[in-house]
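Asker: I'd like to go over a predicted model; first the sequence, then the structure.
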Amino acid sequence: MQRYRTVFKDEAKLDIAYVPPRLIHREDEYRLLWEFFRLALESPGRMSQRVLITGKVGTGKTALSQRFGMNLEKEARKRGINLHYLHINCRENRGRFFLILLNILLHFKPNFPRRGLSSEELLYALMDILEEENAYLILALDELESLILAEGTEPIYKLTRMQEARPEKPRRLSLICILRALEPLERLDESTRSTLQRNIIHLEEYSKAQLVDIICDRVEMAFHEGTVPEETIEIIAELAEREGGNARYAIELLWRAGKYADAKELPEVYPECVRMAAASIYPTVRKDEILSLSQHQQFLLLAIARIFNQNPKAYATMGEIEQAYRIVCEEYGEKPKSHTQIWKYIRQLSAIGIIDTKISGVGQRGKTTLIGLHQIPASKLERMLSQTLKFN
Amino acid sequence: MEIEEFLASKTRIKIIKVLHELGELNIRKICQRIGSAYSIVRKNLELMEELDIVHYKRYGRIRLYSLNNDNPKVRLLTRLIEIW
């Protein structure tokens, strides 16, 4: 009997970081982006652009911006324009403006000192470097919510107004702000908000038919011919549609289903593989999202996971969580953070959708924040964090 | 300054090596890389600047030093380092 080694032709095409050359069902939005940035190629420096890309998880915001950025850079190179597209994820930089700016500077000057300058000075240094190198930068700030949440409106204000402080100089910095919804922008002052909201590209959730097209495209790139039957594609599209038209979920499901098929040495990715894959994915919370948290945020999350693992209740109070967090810190030999800091962590975890918070109502003495964990099983979270966190 | 005097300093040769390898560095980084004290590195950089061997760009409070590759002496020195 023939032994089927793998259904995959090129697994990398299913990687979350892979940006396909063609963005199916985002052609109009892609064209619109080109339209917004046309001047960057035709007369660089004449105008800086600000574009907002919004849409739910898995609607292609990141892929759209990255594909556009790569192609724009290529086109600029052809025309002899020193244009850089930089994609920075604000959440991965813990929403810190300083870290975001430092990463940008390190792109231009890999040995730039990591200490000694404030955010503001870094921003001035960046503008000087752009000037000196006659370079233009299109800065894509992905998951902008994290930056606004951590630092308020100041960074966006500075980024959008930087140019105004140098009226005689060419416009070298353009922005693409990527976020799920417009609500976090309400925290910005009106003038900054209006500057940003001039050009909005909103990505609608993918329909089932669109998801089918996207999955077929990836199947062609990543799998051997004839290894993914139509029914499998159909099921994946249906499940992803139920998850809010989430293409990222569809692609992860496809990859996992392929893995199950390989593990069971099946010649094809049968629908049963998809069911098994679906049972193992929690689409609303990404593992990398949890792993990129700070050590104490992970301690806090571990404490929350333990509470819900031990008690079959829907919510826990701040007090209970703080107590459990202190125990975790003691266990790992770390000094616990203050109440205010813990409160900040709770807000951050809630903002990125890992936990849910609500204010206590009737039946509870006083007013306290209640914390829930709806998106991910506590047992799985506890296991994941216990494996990640290292003892000192 | 005579060549024998210039090349008599280990610190200066190390500075040229590290700047040739990494491009641009601030004083602290140079100190870390070559394992010399700040004051010694600074003094040598000032001298090398006078001799047009290095130059710097200022970003706020930070100075990034690099080799002045327009200077034929620098080009020869780095060539020597490469083939050594």
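Answerer: Cool, the structure landed. Numbering: from 1, shown residues only, chains lettered A, B, ... in the order given.
Asker: from here on, contacts and neighbour counts on C-alpha atoms
Answerer: Fine.
Asker: which stretch of helix or strand covers B:S66?
Answerer: Taking DSSP states H and E as the definition, one finds B:S66 inside strand B:62-67.
Asker: what sits up against that strand?
Answerer: A:112, A:116-117, B:16, B:19-20, B:23-27, B:53-58, B:74 (Cα atoms under 8 Å, 6 or more residues apart in numbering or on different chains).
Asker: same thing but 7 Å
Answerer: Strand B:62-67 is contacted by residues B:19-20, B:23-26, B:53-58 when judged by Cα atoms under 7 Å, 6 or more residues apart in numbering or on different chains.
Asker: type out the PyMOL command that picks the buried ones from these.
Answerer: Here is the PyMOL selection string for the buried members of those, based on 16 or more other Cα atoms under 10 Å in any protein chain shown:
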select buried, chain B and resi 19+20+23+24+25+26+53+54+55+56
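Asker: how about CSV for the contacts of strand B:62-67, with secondary structure and pLDDT added?
Answerer: Below are these laid out as CSV (DSSP: H, G, I helix; E, B strand; the rest coil; pLDDT from 0 to 100):
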residue, secondary structure, pLDDT
B:L19, helix, 97
B:H20, helix, 96
B:G23, coil, 93
B:E24, coil, 93
B:L25, strand, 95
B:N26, coil, 94
B:I53, coil, 97
B:V54, strand, 97
B:H55, strand, 96
B:Y56, strand, 95
B:K57, strand, 93
B:R58, strand, 91
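Asker: A:L14: which of the contacts of strand B:62-67 is nearest?
Answerer: Nearest to A:L14 among those is B:G23, at 37.4 Å by Cα to Cα.
Asker: compute the number of surrounding residues for the residue in chain B positioned nearest to chain A.
Answerer: Closest to chain A within chain B is B:Y59: 5.1 Å, counting by Cα to the nearest Cα. Neighbours of B:Y59 under the rule other Cα atoms under 10 Å in any protein chain shown: 18.
Asker: could you do B:W84 as well?
Answerer: 6.
Asker: quick one: low-confidence ranges for chain B?
Answerer: Applying pLDDT under 70 to chain B picks out no residues at all.
Asker: got the contact list for the spatially most distant residue from the centre of it?
Answerer: The C-alpha centroid of chain B is most remote from B:G60, which lies 20.9 Å away (Cα atoms, centre = their mean). With contacts defined as Cα under 7 Å, 6+ apart, B:G60 is in contact with A:121, A:125.
Asker: apply 10 Å and report the result again.
Answerer: A:116-118, A:120-122, A:124-125, A:128 (Cα atoms under 10 Å, 6 or more residues apart in numbering or on different chains).
Asker: which of those residues are buried? Put it as a ChimeraX command.
Answerer: If you want just the buried ones from the contacts of B:G60 in ChimeraX, going by 16+ other Cα under 10 Å, the selection is:
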select /A:117,120,121,122,125,128
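Asker: CSV please, covering the contacts of B:G60 and showing distance to chain B.
Answerer: Shown next, in CSV, are the contacts of B:G60 (distance: Cα to the nearest Cα, whole Å):
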residue, distance to chain B
A:G116, 8
A:L117, 7
A:S118, 10
A:E120, 10
A:E121, 6
A:L122, 8
A:Y124, 8
A:A125, 5
A:D128, 7
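Asker: quick check, nearest of the contacts of B:G60 to A:D15?
Answerer: A:L122 (33.3 Å).
Asker: what about that closest one, which helix or strand?
Answerer: With DSSP H and E as the test, A:L122 turns up in helix A:119-132.
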